[in-house]
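Novice: Here is my input, please return the structure:
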Amino acid sequence: MSEFLSENNACGQNLLNIVSVGNSIVAEILRLKEYVPSIYRLENAGDRQKYGDIVLDFSYFKVAEAHEKKIEQSADLSDLDLETRTNHLQLITRFYLAFQSVHHYATDLQQFIEELNSGYYIQQTLETVLQDEEGKQLLCESLYLYGVILLVLDFHIPGDVRERLLIAYYRYSGGDATPSGDESNIHDVCLLLRSTGYVQTAVGAARVATSQSAAGTELKYPETYFARFKFDGNFIDLVLARLRCDDIYNQLAIYPHPMHRTTALSTQAAMLYVCLYFSPQMLHTQGAQMREIVDKFFSDNWTLSIYMGITVNLIDAWSHFKAASSAIANVVTSAAIKTLCQQQREQMQKTLQKTQEIVRDGVLDEAFVLEHANQIIVLMRQANVLLRWHCLHTSPAVFVISASGQQAAGQVHQLLLQQLQFEQSKLYNLLLNCGQLELTVRELLAELQCDREARWSRNREEAMQYLRELSEAFAGTRPLTKIEANPQLQQWFAQVAQRLHKLDIGKPQKAGRLIIQVMQALDEVQEYHNLHANMLVKQQLQETRDLLNRMAQLINLKEDIEIHIQMISDFSYAWQLLQRDFTAIMQDNIKRQPRAVIGIRAVFLKLASTLEVPLMRINQAKSEDLVSVSNYYSTELANFLRRVLQIVPETMFSILARIIQLLTNVIKEFPTRLEKEKLREYAQFEERSKVAQWTNSIAVFTKGILMMKTTLVGVIELDPKQLLEDGIRKELVNHLANAYNLGLIFIPEKGKTCGQLLQAKLQALAKTIEGYRRSFEYIEDYLRVQGLRILLEESQRIINYNVEKECNCFLRNKVQEWQSHFQSQTIPIPNFLPLQGDPSKSNNFIGRLAHELLRCTEPRQTIYLDLKCSWYDKRPPHAELLAGSSFFSVLREAMAPAGLVGLERLYAHMLADELKRNLDKLQKNLTADRMWCDALAQMTKELESRDFPGELAKQPIKYYQSYTQRWLKVWPTLLDWMLSLGQKQLLRQHIASELSFSSKCDAKLLENTTDTLNRALMLELSSNTQLCDEQGVIMLTELQEILQYTGNYEPLEQIFLTTKNTHNMSLFLFLFSIAHVGRLQHSKNTGSLLPKSSKDAIDCVPLIMGLLTILQQFHKNVKMLYISYMCQYVVTVAEAQLTDKEMLGSEVVTMLHFLQAFVRLAHLPLSVLEQRIPNMILNEFDYLSTPVK
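Specialist: Numbering: from 1, shown residues only. This is a model prediction of the structure:
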């Protein structure tokens, strides 16, 4: 590291930190671009209609007070605004901090320049910094990075979105301070990052909104954008001068060939392009300077990468600048393009052939690399120059600056492709060859450099041994055939061996000269003494010469050769082009030849090496951002590799679909026992042969991807086996999610009841899922993965994710996509748009299924028979709609236990939402409404008096009716709510029952273990509170989740919200009950209470379940008081009826049946009633209600 960057040099360290922060800001913008909340884009009419009044741009500043008043005066807008703030403030704050860091970067750089100019740094000025090797690089990079930040921000986060995010932060945080406690400069940030009017469309064309000034001139982009923050003019001029005149990165030494000049200066050219926008006058008027710039940097290179693959085409980027567009037009003439294309075409053919020859199996080895190191470097350089030029110029630019200039750029592009006779397959082959060559050479060089000294010493010892053997042979002491003794040669070979012993690799120049001299001397001795006549001596001399030659090659192997390869093989310009233009050809190549993944691995390692570009300065500054930035780029690259290799699972699944079809619909399962005569019937040779062929194809793909070695992509290690499993999971998730989404669409069909339609849909879905299960069970050994485990885990994750999304409707603080534990970037669960015209307005399939179940069991149209656990149609002939046990068994087969648990959770959220909304209103009326409170207080006083019923209730039915009639307008709404609660609780009970039954059959050990643990913990909790600490709560929560899957819970015992206890609730529900029980009658055929009229919208069991659900939210005394009121009613009315008519009326009989059902469903002992009702009435009410003849 140079003196300028030493730790005690404040000037260098400050500048390095500024540049490091600039690279971190770019990474943060690129990271955040995927997390812009959809409501701030306002891309669809629904979002605009719903959020248009609270998601605002800078026009808000003009009418801020009026708009805030409008939101405050509307309850709906206030709730929506609060919900938006709760859900998005954390993300909005992070966006604001990123925007604020852009302004901080500019002010820090401006302050640094001012400090340089004012002499703050001793012996350092702007000029001296620009004279230093590292100083001029960093100073130029600092201005360049600010320009890149502005362009990247405008490219990925449009101006209108930025304004909405800034206004949201301003409104929700007050705009006075940042989360770190610093004073906010939000007004400066807003001025800097307000909308530029630039819009990048999906097809790559740009649209820049223009405004007409008084003079009628068009607003220029991006010069006015860059002019929003003013830097010192001298600083900009000096940076531009240095970029124009110097080779600041010393690249010309690495690219000595004159034809490679523009490639050598390509990084500097990109910096110059960006920095020129800070001096638009030069682009507009300085024709001579622009011609000089174009001739030096862009003579054959008019498409460039400004940062990590964001490419621009100078023809459209400079179309609004007179001098610049004139200069570039001089080099993109038809004649120049034809000449250039001819040269490139010839070079491509030659280089492709050379690289193809050198990367063949068996060519590249250590000896070849050592002998031809220089030629290999030359070939690499030529291949990378060609690769860069073709990738940039044969692909449309990523960042289109001007729509008007794009037309001219498109014409040049078409001419170039035509003259070049461009074939993408050739370019792809060159890329593969280049990547494989670089990877192999790097690995060999790394191995050689690792044990270079040991190899050199070993070769020297072997050479010395050969020379000593020759010396002994010419001394006559060794019995070699036909060698006469020669004292002179004996002495000479011994002296040469002694000289070799003194060689030291640490002195390469001296050792190299001596080795060359020895090799020449050996040739002369062999020639002079005619030693080649003896084959043994000749062989010894040849082997000695080979060893010396290898020693010379090892000396020539410089340590900086790998650095040269790193710089030559820069591939950062293709960061985005490779994803956009080469993904399809890579996948097609893999599909045709699975072994191709080996070559693709080399390409990705080549791309991974470019991570050094954004990380170099961050690493030099020892910044804490190094981990997060490197992790971001590594993750992006790893995800790209996964997308490319996803073609393998896609192809596998297309084959697997055919296997599923045969296994599910055609091939019969062998029974346990089979008659010999039926063997041929079950053999099905042709079908099984097809399955075998398709299975082999899948195995070939598996083998192909597993041939790829473990690959370190940046800081992420990718294991091929894990890649294969992730790919299979991703494809399986897509198929399963699609099956659930399409399989659970409910469209009424003529001739089918909703129950029949629902059951048919679930059976079809169950068959589809069973097909996947059977095929995965069959194929898992050939895929080398645990197929059934993957199927179970992914189906569970899909269901849980969709349940979470559906439950968001009932939550104020919603779980966002990026917060979900079930969503994954590696294996994403697809989101489907809600069905148009869906009456339930559900977000996904789980919501549609839940609402369809509710529709089929609607208490207004159905009767639930408790003894048969089934729902029947109220209308004659009372057809069975849903048979509880068999239907929920089909539901479990289609949705798995996870689906049942998901439905149960969704119903629980619905119940919690209904209870919160309605119970709050009910409690408010019971405590605050004067009419309600006075009536209930009076009745309480009367019922609790010692004289009751006395004279007050001689006719008890009329007495009670005098109170129930006061709420006649309330009862219908309350009944609907009560039935709705009961319906959902009934479904939850059936789900729990099905889960319990299936777990006892399929997971007996788990069910028994968790049940025992649950009982032990309940006993422990009753006497000890130690389990209420953090670890205990975690354990209880985990156990509760398992208990849900085993069905070991009681839905009616769940408490959804906290309430204040009041006896008025018991009395009010009692009045509600006696007002509605009279609409029921006991049926001896069914043993249950049924509506008197089939048109009556009431059903006994859902009604009781609803009452129990509400009472469960209060202390148990409220429930017991309710029962006491009901029993008091029975006793009072029974006493009056027996006194008057000597028999019980239907009111008492129906109420007693109702109370018995209530106690049974509440799991209360019968003694609760026996304590409050005389045994004679309770046990003999059927007899007492029989007329006496």
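Novice: Quick check, central residue of this structure?
Specialist: residue 825 (2.2 Å; CA atoms, centre = their mean).
Novice: Now do the same contact list for residue 160.
Specialist: 57, 195 (CB atoms under 8 Å, 6 or more residues apart in numbering). Heads up, the C-betas are built off the backbone N, CA and C, glycines and all.
Novice: Tabulate the CA atom coordinates of the strand or helix carrying it in PDB.
Specialist: According to DSSP states H and E, residue 160 maps onto helix 159-173. The C-alpha coordinates for helix 159-173 follow below in PDB (Å, rounded to 0.1, in the frame of the first residue of the first chain):
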ATOM      1  CA  GLY A 159     -38.500   9.700  -9.200                       C
ATOM      2  CA  ASP A 160     -42.200   9.600  -8.400                       C
ATOM      3  CA  VAL A 161     -41.500   6.600  -6.100                       C
ATOM      4  CA  ARG A 162     -38.700   8.400  -4.400                       C
ATOM      5  CA  GLU A 163     -40.900  11.400  -3.800                       C
ATOM      6  CA  ARG A 164     -43.700   9.200  -2.300                       C
ATOM      7  CA  LEU A 165     -41.200   7.500   0.000                       C
ATOM      8  CA  LEU A 166     -39.700  10.800   1.200                       C
ATOM      9  CA  ILE A 167     -43.200  12.300   1.900                       C
ATOM     10  CA  ALA A 168     -44.100   9.100   3.800                       C
ATOM     11  CA  TYR A 169     -41.000   9.400   5.900                       C
ATOM     12  CA  TYR A 170     -41.700  13.100   6.400                       C
ATOM     13  CA  ARG A 171     -45.300  12.600   7.500                       C
ATOM     14  CA  TYR A 172     -44.700   9.500   9.700                       C
ATOM     15  CA  SER A 173     -41.500  10.500  11.500                       C
END
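Novice: begin at 27 from here
Specialist: That works, and once the first residue is 27, the last one we named lands at helix 185-199.
Novice: immediately after that helix, which helix or strand?
Specialist: helix 212-219.
Novice: Run through who's touching that next one.
Specialist: For helix 212-219, the external contacting residues (CB under 8 Å, 6+ apart) are 84, 122, 125-126, 128-129, 132, 179, 185, 188-189, 192, 195-196, 201, 254-255.
Novice: Would you mark the buried spots in it?
Specialist: 212, 214-216, 218-219 (16 or more other CB atoms under 10 Å).
Novice: what lines up beside the next helix or strand after it in the sheet?
Specialist: Next along the chain after helix 212-219, taking DSSP H and E as the criterion, comes strand 224-226. Sheet pairing of strand 224-226 (DSSP bridges) gives strand 232-234 (antiparallel).
Novice: still on that earlier bit, would you mind listing which of the contacts of helix 212-219 are buried?
Specialist: Looks like those have 84, 122, 125-126, 128-129, 132, 179, 185, 188-189, 192, 195-196, 201, 255 buried, using 16+ other CB under 10 Å.
Novice: which one of these is nearest residue 430?
Specialist: residue 185 (19.5 Å; CB to CB).
Novice: Spatially nearest residue to that closest one (excluding sequence neighbours)?
Specialist: Of all residues beyond its chain neighbours, the one nearest residue 185 is residue 221 (2.7 Å), with distances taken as CB to CB, 6 or more residues apart in numbering.
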